[in-house]
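S.K.: Here's a sequence, model it:
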Amino acid sequence: EKKGSSLALVSYPPINPTRGAENVEQFDWEGLWERVVDLVMWKNVGRSAFWFGSGSMLFVSSSFSRDVNFSPIKILCHFGVVTLVLAFFKDSIPQSCNRQNTEQVRSFQFTEEDVLWVGRAVLPIANSLISMSRVIFSGDPSMTLKVFPVLLFGAKYGHLFTVWRLLATGFFGCFTLPRLYSCYSSHIHEKVEGLNARILNAWKSCPRKKLVAAAAVTTFWNLVSVKTRVMAG
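M.R.: Reported below is the predicted structural model:
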C-alpha cells in the first residue's frame, strides 16, 4: 500500500500525440539534412561518387544535345505523354490469359492529413522567404547599397542565367566548394589576409591617392552607360 500510494503521487507528463508527430517529422527533416551534408562532404566516397558521376553525365550529355529545349511546359508535356502511354498499355495489354472484363475503378484522393503534411513542409520555407524579403526590401541604406548593384546586374545580364545553367552550377558547386573549403579554409584565409594587407599597404604608401581615385572614377564614368550613371548618382 505504501508503494502504491507513493507511486500514485508521482506526476507523469501527459503524452501529446501531436507533439510526438512533430518530433518525428523534425527528426526526419534532420536526418535528411544530415544525409545531404554527408553526401556533399564526401564522407561516403562511393555514394558521393555515384551521385556526382550520374549528375555530371546528365549535365554534360544535355550540354551537347541541340534538340533538347528545357522548357518547363515542354517537360510537363513530355511527362504527361509518357504517363498516358504507360497507362494505356497497362490497361490494354492483358496481364494473363484469364483476364476478367470487369473494369477496376481507381480513386486517387487527397486527404486532410496530406494537406496538413504539405502545409507543415511548405510553411517554414515560405516564412523564411518572407522574412528574408522583408529584410532585403526594408529600405535600410546599407542593405540597399548591398542589394541594388546585384539587382542591376541581374536586370541587365539575367538572360544569360537560365534555369539549366543555374542547376548545373549549383550541382557542381555543392559537390566541390564545401569539400574544398573544409580542406583549404586556413590556407584561403591566410591568402586573403595577405592580399588585403598588401592592398592596404600599397594604398597607404601611394603618394597620390586623390589622383588615382579621380582616374578610377573618370574611367568608370566613361565606360558605363547613362542609365548606370544615373543609378550610381
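
S.K.: pLDDT averaged over the helix or strand encompassing residue 130 - what is it?
M.R.: Assigned by DSSP states H and E, residue 130 falls within helix 112-136. When pLDDT is averaged over helix 112-136, the result is 88.

S.K.: Show me what that helix is packed up against.
M.R.: helix 141-157 (3 or more C-beta pairs under 8 Å, 6 or more residues apart in numbering; DSSP states H and E). Just so you know, the C-beta spots here come from the backbone N, C-alpha and C atoms, and that holds for glycine as well.

S.K.: Now the helix it packs on - C-alpha only, CSV.
M.R.: This file holds the C-alpha atoms of helix 141-157, laid out as CSV (Å, rounded to 0.1, in the frame of the first residue of the first chain):
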residue,chain,number,x,y,z
PRO,A,141,20.7,52.3,-46.6
SER,A,142,23.4,49.6,-46.0
MET,A,143,21.1,46.8,-47.3
THR,A,144,20.1,48.9,-50.3
LEU,A,145,23.7,49.5,-51.3
LYS,A,146,24.4,45.8,-51.0
VAL,A,147,21.4,44.6,-52.9
PHE,A,148,21.0,47.3,-55.6
PRO,A,149,24.1,46.5,-57.7
VAL,A,150,23.2,42.8,-57.7
LEU,A,151,19.7,43.6,-58.9
LEU,A,152,21.1,45.9,-61.6
PHE,A,153,23.5,43.3,-62.8
GLY,A,154,20.7,40.7,-62.9
ALA,A,155,18.4,43.0,-64.8
LYS,A,156,21.0,43.6,-67.4
TYR,A,157,22.5,40.1,-67.8
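
S.K.: what angle do it and helix 112-136 make?
M.R.: 110 degrees (axes from the mean of the first three to the mean of the last three C-alpha atoms, to 10 degrees).

S.K.: okay, and the helix or strand of the chain with the least pLDDT?
M.R.: helix 2-9 (a mean of 47; mean pLDDT, DSSP states H and E).

S.K.: From residue 121, how far off is residue 169?
M.R.: 26 Å (C-beta to C-beta, to the nearest Å).

S.K.: typed the wrong thing, it's residue 35
M.R.: Distance from residue 35 to residue 121, by C-beta to C-beta: 17 Å.

S.K.: for residue 181, same thing?
M.R.: Using C-beta to C-beta, residue 181 is found at 29 Å from residue 121.

S.K.: Centre-most residue in the chain?
M.R.: Centroid check for the chain by C-alpha atoms, centre = their mean gives residue 170 as the closest residue, at 7.8 Å.

S.K.: in what helix or strand does that residue lie?
M.R.: helix 163-205.

S.K.: what pLDDT, on average, does the helix or strand following that helix get?
M.R.: For helix 163-205, the succeeding helix or strand toward the C-terminus, using DSSP H and E, is helix 209-223. The average pLDDT for helix 209-223 rounds to 88.

S.K.: So which residues make contact with helix 209-223?
M.R.: Residues from elsewhere that reach helix 209-223 (C-beta atoms under 8 Å, 6 or more residues apart in numbering): 203, 206, 229.

S.K.: Alright, I will stop here.
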